[in-house]
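Undergrad: can you look at this prediction? I've put the sequence above it.
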Amino acid sequence: MWPTRSKASKSNAPSFRFWRRVAACLGLALTLLLPRALHSEGGDPAAANVSVLYSALLETMKQAKQLGLKGRYDKLAPVLAKSYDLPLMSRIAVGARWDGLSAPQRQSIVNAFTRMTTATYASRFDGFSGEALEVQQTVDQPNGDKLVKTRIVQSDGKVIALNYLVRNTGNGWRVIDVYLNGTISELASRRAEFGAILKSGGPDALVASLNKQGDKLLKGS
């Protein structure tokens, strides 16, 4: 879900690290031609949600320099809020400790997580160098979720599998996890990180850590 920095300004061939965080990031269907980026499987609503996200990311990347960091943040914030279920992802990342938190503590974590996630996308999607991302198929899961399978084709021909777990939350189909190489869960990594911070410093420490990450990203560092 959370991509690493684009190398568009340094090289014509982005490295594997460009996609490491996409997830949420993030994650991410990008192509030279918009129709290719937007194709989805038979109008499936889960795949359509991922395609809308990809379209917005592609447009943002192509306008990255003109928009600047703040412009990219403002452009992507509503897209990510609609494409991802960030409150649910926050709860999943916190894990069992969530039930023991007060409502204000939960909301503070959701707000900080959302801001950090959006800042990550705004910071990392800072250029375009010919990447292509394709929505391939949707696989129904036993619990009613859908796994939207995609692939990223880099300008050097390398292909990376990136899959999205999408759930019908009652407010539409929303991404709740991203799998790098088709299997590596972003939220599983976050759960380990959040758990360590919560154990040592509690919810206030987690909020402070997330805000610190967001601040650093929004400063362009």
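TA: Noted; the coordinates are in hand. The structure displayed is predicted, hence computed values, not measured ones. Residues are numbered from 1 along each chain as shown.
Undergrad: and the gap between Lys75 and Ala192?
TA: For Lys75, the distance to Ala192 under the criterion Cβ to Cβ, to the nearest Å works out to 31 Å. The way it works is simple: take the backbone N, C-alpha and C, and place the C-beta from them, glycine included.
Undergrad: how about the strands in the protein?
TA: Counting by DSSP state E, residue ranges of the strands within the chain are 132-140, 146-153, 159-168, 173-180, 184-185.
Undergrad: packing partners for the shortest one?
TA: Contact partners of strand 184-185 among helices and strands, from 3 or more Cβ pairs under 8 Å, 6 or more residues apart in numbering; DSSP states H and E: strand 173-180.
Undergrad: okay, now the unreliable bits of this structure?
TA: Per-residue confidence for the chain (pLDDT under 70) gives these ranges: 1-42, 221.
Undergrad: cutoff 80 now
TA: Regions of the chain meeting the criterion pLDDT under 80 cover residues 1-42, 132-133, 152, 154-155, 221.
Undergrad: if we can go back for a sec, the more surrounded of Lys75 and Ala192?
TA: When Lys75 and Ala192 are compared on other Cβ atoms under 10 Å, the one with more neighbours turns out to be Lys75, at 20 against 11.
Undergrad: about what we covered before: including distance to Gln66, could the strands of the chain go into JSON lines?
TA: Formatted as JSON lines, the entries for these read as follows, by distance: least, Cβ to Cβ, whole Å:
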{"stretch": "strand 132-140", "distance to Gln66": "22"}
{"stretch": "strand 146-153", "distance to Gln66": "24"}
{"stretch": "strand 159-168", "distance to Gln66": "27"}
{"stretch": "strand 173-180", "distance to Gln66": "27"}
{"stretch": "strand 184-185", "distance to Gln66": "34"}
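Undergrad: which of these sits closest to Met61?
TA: If you check each of the strands of the chain against Met61 by Cβ to Cβ, strand 132-140 wins as the nearest, at 10.8 Å.
Undergrad: mind listing what's buried in that closest one?
TA: Buried residues in strand 132-140, counting neighbours by 16 or more other Cβ atoms under 10 Å, are found at Ala132, Leu133, Glu134, Val135, Thr138.
Undergrad: by contact count, what packs against the longest helix along the chain?
TA: Within the chain, and with DSSP state H defining each element, the longest helix by residue count is helix 186-218. For helix 186-218, the packing partners by 3+ Cβ pairs under 8 Å, 6+ apart come out as helix 64-83, helix 86-94, helix 103-124, strand 173-180.
Undergrad: next up, the contacts around the residue lying closest to Ser123 once chain neighbours are set aside.
TA: Distances taken as Cβ to Cβ, 6 or more residues apart in numbering place Leu217 nearest to Ser123, at 4.3 Å, with adjacent residues excluded. For Leu217, the residues meeting the contact criterion (Cβ atoms under 8 Å, 6 or more residues apart in numbering) are Met116, Ala119, Thr120, Ala122, Ser123.
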